[in-house]
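Q: Attaching a predicted model along with its sequence, questions to come.
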Amino acid sequence: MLVLVFFVTSSDSGSLVVDTICAGGKVDAPMVQRVFWCSFEGLIAIALPLGGGLASLQALAISTGFPFEIVTVAMCYCIYQGLRTEPV
């Protein structure tokens, strides 16, 4: 039961964030728009396991995480360079 509540509240929070971004920052966006994003997110969550199982979920995680990894490594390098030039 707790796992179900966790996934539902996480999905609802994600849909709220996407809806707010798409509404230009308005918190009181139309309810139809919020329902659209909840449904779309749910359909993607259903389609990924049915489409290819664990392999498709792993491919999705790698393809979305790899660009973020490049940015993170660049940020680490910039912090290192900044700390090297900082006087002791």
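A: Done, it's in. Every value quoted in this text rests on a predicted model; they were computed, and no experiment measured them.

Q: Of all residues in this structure, which one is nearest the centre?
A: Nearest to the mean C-alpha position of the chain, counting by C-alpha atoms, centre = their mean, stands Gly14 at 7.5 Å.

Q: Isn't Val27 up against Thr20?
A: Yes - using C-beta atoms under 8 Å, Val27 is in contact with Thr20, at 6.2 Å. C-beta: built from backbone N, CA, C; applies to glycine.

Q: Would you map out the domains in this protein?
A: The chain breaks down by automatic domain parsing into domains covering 1-52, 54-88.

Q: Least confident of the ones you listed, on average?
A: Sorting those by mean pLDDT places domain 1-52 lowest, at a mean of 83.

Q: and that one, how far apart are its ends?
A: 27 Å (C-alpha to C-alpha, to the nearest Å).

Q: where's Cys22 relative to Ser10, distance?
A: Distance, Cys22 to Ser10, using C-beta to C-beta, to the nearest Å: 19 Å.

Q: Which one's more surrounded, these two?
A: Counted by other C-beta atoms under 10 Å, Cys22 and Ser10 do not tie: Cys22 has more neighbours, with 14 against 10.

Q: residue contacts, that one?
A: Neighbour list for Cys22: 29, 33, 37 [criterion: C-beta atoms under 8 Å, 6 or more residues apart in numbering].

Q: 7 Å instead, please
A: Cys22 is in contact with Gln33, counting by C-beta atoms under 7 Å, 6 or more residues apart in numbering.
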